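1. Take this sequence and fold it.
(chains A and B, ligands or ions: 2)
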Protein chains: 2
Amino acid sequence: MSRRIHLALHPYGVGGPGQHGLWKDPLVAKNASIDVNYYIEQAKAAEHALFDALFVVDSQFINSTYPSHYLNRLEPLTLLSAVATHTKHLGLVGTASSTYNSPFNLARRFASLDHISAGRAGWNVVTSFDTGTSRNYGLDEHLDYTTRYGRALESVQVAQGLWDSYEDDAFPADVERGVFLDPSRLHALDHAGEHFKVAGPLNISRSPQGQPVIFQAGVSEEGRDLAARVAEGIYAPGGTLESAQEYYADIKKRTAAYGRDPEHIKVFIHGGPIVGATDEEARRREREIFEEDNDFASNLALLGRSFGAYDFSVHDLDAPFPDVAHLAEKGGRTGAGKIIERAKAEGLTLRQVAESVNAFRRSPFVGAPETVADTIEKWYDAGTLDGINLAFRNNDDLGRFVDGVVPLLQKRGLFRTEYEADTLRGNLGLPVPENRHTVARRSVND
Amino acid sequence: MSRRIHLALHPYGVGGPGQHGLWKDPLVAKNASIDVNYYIEQAKAAEHALFDALFVVDSQFINSTYPSHYLNRLEPLTLLSAVATHTKHLGLVGTASSTYNSPFNLARRFASLDHISAGRAGWNVVTSFDTGTSRNYGLDEHLDYTTRYGRALESVQVAQGLWDSYEDDAFPADVERGVFLDPSRLHALDHAGEHFKVAGPLNISRSPQGQPVIFQAGVSEEGRDLAARVAEGIYAPGGTLESAQEYYADIKKRTAAYGRDPEHIKVFIHGGPIVGATDEEARRREREIFEEDNDFASNLALLGRSFGAYDFSVHDLDAPFPDVAHLAEKGGRTGAGKIIERAKAEGLTLRQVAESVNAFRRSPFVGAPETVADTIEKWYDAGTLDGINLAFRNNDDLGRFVDGVVPLLQKRGLFRTEYEADTLRGNLGLPVPENRHTVARRSVND
Ligand SMILES: Cc1cc2nc3c(=O)[nH]c(=O)nc-3n(C[C@H](O)[C@H](O)[C@H](O)COP(=O)(O)O)c2cc1C
Ligand SMILES: Cc1cc2nc3c(=O)[nH]c(=O)nc-3n(C[C@H](O)[C@H](O)[C@H](O)COP(=O)(O)O)c2cc1C
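-> Ligands and ions are numbered 1, 2, ... in the order given. Modelled structure (predicted):
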């Protein structure tokens, strides 16, 4: 097995969660988050650097107290298909919620993207972290974990079933015989499950990858279980080397327990590398970034996001962290639970928790190019990652990683020097799933 | 008021309803319907010819007896955003069903397309003609007319409300004051209607056109009412000069009755012009096309499409047209009703009805360039159209219209010689709706 690290680029636009001050950066256009040209340029830079994929996150909720500059955004699939025709090799992974979408609709939109990109589509299946999303879809309350993750699993299964509607040889398009479609190669799904009833077939032929690649980003029990069952890529939360090792091993073990090859799920940890000419310079840049983002009101709102957009400003900032355990059951209970645990263990006030919520996200990959390459190699060898989900503040930060670190990884044989394939599956080393109906027919004929 | 005709291009791919033999045309790639490059080329040709818009139809249902080659297709919004970055002036009108989509989702996808295209998005609001769609969305039966058109109206109203979430000056992005978003310019919707509950706000800023342009394509009472209330463009069924006059006058009258300027709804009639060097040559091409498409089984299936994908092959072909009035209440009752009426009035057999179902669709615009230009002018002056929704078999047919007819229309002052604007609203002569919250605030201040 070759030592190979996969790299994805996660464009921040004017800011992701926590990048409260990024919009002030003179190198970032004020409208970056809604400017398709920004994304096309980021994608071209990522492809030039031989990255595996562009990864676009999503949310469908804002309110006016949120650090809302980063929530004004383009819908991921519309965005990615615009990017598709300006790139040739780069994977295009879009986030879409299985909680507030119908699987038929999702299946055809991702199949369309896979056709448009000639085999580079990926679906990051989320259950919607922002609980307020429910009120944009007619529900007073966000669905509970069991329902959300139940829908997520069934959505993927339905989509994969629909993606097999047409066998690869469904369209002989034989003028002489007058046969365009061979109806024996078109299959209804007739799915009737706990959450969905979907007759099928899908009205789009099988896409170049057979099936778009499934990504997942959950950390709870339910999230890990979903990943182990169906995900081929996972966006892992990162954390310390030890917590990342635990997470990685757990995901691989669970995947194997479902009878799947653990190599067929790629763990991408989140890393916002900060590279400088020297370690010292990189540390300086890190502090600069920390200061840029260090806005108390925004951090308080960010903290609230983990508790269902809870407004913490109603509490005394200097009293002990309030009892909000009942709110942790909402969008992301694992993250929320960790915050409560830590506040209790260290006896922190609300102010202290809010001040540190952003510091939590520090990247392990900070330093001169050699240092960053060493750290990545160390983390890779320690069994924490198959890939890194890279996010940069601006093009200078991106450039320092691409020009400084990538060549070192290549020299060490840890990163490709040319694309292996034109499809996302090909570059990630994932197999193309065979059409289930083709398989079934062959086994009958045997 | 200047005499100006608007032109839209409706790309067939390997076939639309009725184009059963088009896939055999050597000038049409066998995978055209799912090839983004085909659409990009069509869009570029349309833009080169100064057309107003590309119009992409949609359906979410197939079965194996359908003339199914034309139902293998890309999802319209994913498709149009890929096309957007390869064009500059051309409007991009995508069909999306309000019956099987949530308005929040639709609102953000069309707003995204409007941003990506810098102001060229249009939404053709349909209630889903194909009744079988329901079974891909968990419902055993297609929703009834009242519910479907009720949802359609409310969906548009919700979307338009969401599109006003951010006022135009919502993002001062003022580094000195440290203000990216002005929260007083961000507005929740708090809609609670008969069909939808949507809190808002939308998580995407106001798009270049203020609001994407609303198109509609219904012909029933409910459909016309919806158009008169909210549509800014309408895809009309065509028919005879007299029926088109009746339809046009009716739509304009209804629009005025809702207190709207009847010039703010543009009626596009469907026309597949056939142009030849001489009238005789054009007639020959028309017969050739008729023969190419004249496939009995496909026509029978096409007939069934108007009756909820009803399988007419169970009936005696040479007996009188069967009593299927109870099925006419489904997808498109006006069209189905007309078929029944005609069969009764003329005493037709099932075979005769099936044989003529496709002949119904003949274009009035057939002949040498002068003849076609004359006919278009005549129809325009007779008050039947503001625009034509053009569909061609192949690029040669398109070329004969663009090179032969368009210059004549231009010479007569009936068609532009350069784009008036970069937005679809601008080229259609439609006003940019002002943000309702800006209006409200101004009137309070007055
Ligand atoms: C790197 C990363 C990216 C994520 N992207 C999204 C996203 O785009 N949209 C979303 O709703 N949630 C996103 N999440 C949140 C997860 O989907 C999930 O809700 C969260 O990690 C909590 O896990 P749980 O649902 O298993 O409790 C992301 C999480 C991680 C770690
Ligand atoms: C030119 C034209 C284009 C249409 N495009 C679509 C379409 O893309 N998808 C769809 O479901 N229906 C489409 N329709 C059907 C209409 O939305 C409508 O269902 C049909 O005309 C019957 O009208 P009614 O619903 O008012 O009875 C189209 C109709 C016309 C005339």
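
2. Quick check: phi and psi at residue A:266.
-> When read as degrees, to the nearest 10, the backbone of residue A:266 gives phi -100, psi 120.

3. Counting neighbours, what do you get for it?
-> Residue A:266 is flanked by 21 other residues according to other Cβ atoms under 10 Å in any protein chain shown. In short, each C-beta sits where N, CA and C put it, glycine included.

4. Is it bridged to anything, and to what?
-> residue A:233 (DSSP bridges).

5. Could you pull up the residues touching the residue nearest to residue A:342 when sequence neighbours are not counted?
-> In space, and not counting its chain neighbours, residue A:342 is closest to residue A:348: 7.2 Å by Cβ to Cβ, 6 or more residues apart in numbering or on different chains. Neighbouring residues of residue A:348 by Cβ atoms under 8 Å, 6 or more residues apart in numbering or on different chains: A:320-321, A:342, A:356.

6. would CSV of the residues you listed with neighbour count be doable?
-> Below are the contacts of residue A:348 laid out as CSV (neighbours: other Cβ atoms under 10 Å in any protein chain shown):
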residue, neighbour count
A:320, 15
A:321, 22
A:342, 14
A:356, 16
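
7. ok, back up a step: would you check how far apart the residue nearest to residue A:342 and ligand 2 are?
-> 57 Å (Cβ to the nearest ligand atom, to the nearest Å).

8. Then residue A:38?
-> To ligand 2, residue A:38 is 32 Å away according to Cβ to the nearest ligand atom.

9. can I assume that residue is in contact with residue A:29?
-> Yes - counting by Cβ atoms under 8 Å, residue A:38 touches residue A:29, with 6.3 Å between them.

10. who has more neighbours, these two?
-> Using other Cβ under 10 Å, the more surrounded residue of residue A:38 and residue A:29 is residue A:38, with 18 against 15.

11. What's the per-residue pLDDT of that one here?
-> Per-residue pLDDT puts residue A:38 at 98.

12. try residue A:224
-> Residue A:224 is assigned 96 on the pLDDT scale.

13. Are we agreed that residue A:430 is in a helix?
-> No - counting by DSSP: H, G, I helix; E, B strand; the rest coil, residue A:430 is not part of a helix but coil.

14. Quick check: closest non-adjacent residue to it.
-> Distances taken as Cβ to Cβ, 6+ apart put residue A:232 closest to residue A:430, at 5.3 Å, once the chain neighbours are dropped.

15. if I pick that neighbour, what's in contact with it?
-> Listed by Cβ under 8 Å, 6+ apart, the contact set of residue A:232 reads A:213-215, A:264-266, A:428, A:430.

16. right, and residue A:11 touches residue A:42 too?
-> Yes - using Cβ under 8 Å, residue A:11 makes contact with residue A:42 at a distance of 4.4 Å.

17. Could you tell me which residues touch both of the two?
-> Shared contacts of residue A:11 and residue A:42, defined by Cβ under 8 Å, 6+ apart, are found at residue A:54.

18. So what does the residue of chain A most remote from its centre have for phi and psi?
-> When distances are taken from the C-alpha mean of chain A, residue A:176 lies farthest, 47.2 Å away, according to Cα atoms, centre = their mean. Dihedral pair for residue A:176: phi -60, psi -50, per degrees, to the nearest 10.

19. do you know how far it is from ligand 1?
-> With the distance defined as Cβ to the nearest ligand atom, residue A:176 ends up 50 Å from ligand 1.

20. Measure how buried the residue in the stretch 201-350 of chain A that chain B sits nearest to is and give me the count.
-> Going by Cβ to the nearest Cβ, chain B is nearest to residue A:203 of the stretch 201-350 of chain A, at 4.6 Å. Residue A:203 has 28 neighbouring residues, counting by other Cβ under 10 Å.
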